[in-house]
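1. pasting the sequence and the predicted model now:
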Amino acid sequence: MSAVSRRQVLGGVALAGAVGALGVRQFVGPEKVPRIVIYDSRKPTSRAFAHGFAGVRQIDLAGEHSRNWSSVRAIRRDGPVAGMTSWNDYVAARSWLEERGLRLRSEQRDPTHDLIAWAMA
């Protein structure tokens, strides 16, 4: 397990605060609040993002790689999905979700933390 710097934690908190300040609806679209959040607990910013969606089903990609993405592949068209992941994880998740009929609603790159915040519905 890698050490998390204070700067990474503060960056994650700042991003989560920004999502909170803008409102969840601003991020995922005015008509939908995510039913599922996909994040990577190995990345402090991604963890902070997921923390901003309390009460929503969450899928942590840290364990998904060893399980062949079984939780992500099991998602059906149950409603909107939001995530903050690496580019490679985003592309893989987006592909599986598009096969289930979900379409990209928003995508925002965080170059400081090398992550993509995205929403599909």
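-> Received the coordinates, thanks.

2. relative to residue 94, how far out is the spatially most central residue of the chain?
-> The residue lying closest to the centre of the chain (CA atoms, centre = their mean) is residue 83, at 1.6 Å. Here the criterion is CB to CB, to the nearest Å. By it, residue 83 lies 9 Å from residue 94. To be clear about C-beta, it is placed using only N, CA and C from the backbone, and glycine gets the same treatment.

3. report the set of residues contacting both of these two.
-> Shared contacts of residue 83 and residue 94, defined by CB atoms under 8 Å, 6 or more residues apart in numbering, are found at residue 118.

4. just the helices in the chain please.
-> Using DSSP state H, the helices of the chain run over residues 6-22, 24-28, 44-51, 61-64, 70-73, 87-99.

5. worst mean pLDDT among those helices?
-> Mean pLDDT per stretch puts helix 24-28 lowest among the helices of the chain, at a mean of 50.

6. now what about stretch 75-82, what contacts it?
-> Applying CB under 8 Å, 6+ apart, the external contacts of stretch 75-82 come out as 27-29, 32-38, 53, 59, 96-97, 100-102, 105, 117-121.

7. buried set for that stretch?
-> 75, 80-82 (16 or more other CB atoms under 10 Å).

8. cool, and stretch 48-57?
-> 48-53, 56.

9. between the two ends of that stretch, how far is it?
-> End-to-end span of stretch 48-57 (CA to CA, to the nearest Å): 15 Å.

10. and residue 95, how many neighbours?
-> Close neighbours of residue 95, defined as other CB atoms under 10 Å, add up to 9.

11. now swap in the one 3 residues further on and tell me
-> When counting by other CB under 10 Å, one arrives at 12 neighbours for residue 98.

12. residues contacting it?
-> By CB under 8 Å, 6+ apart, the contact set of residue 98 is 104, 120.

13. ok, now the one 5 residues further on?
-> With contacts taken as CB under 8 Å, 6+ apart, residue 103 has the following neighbours: 120-121.
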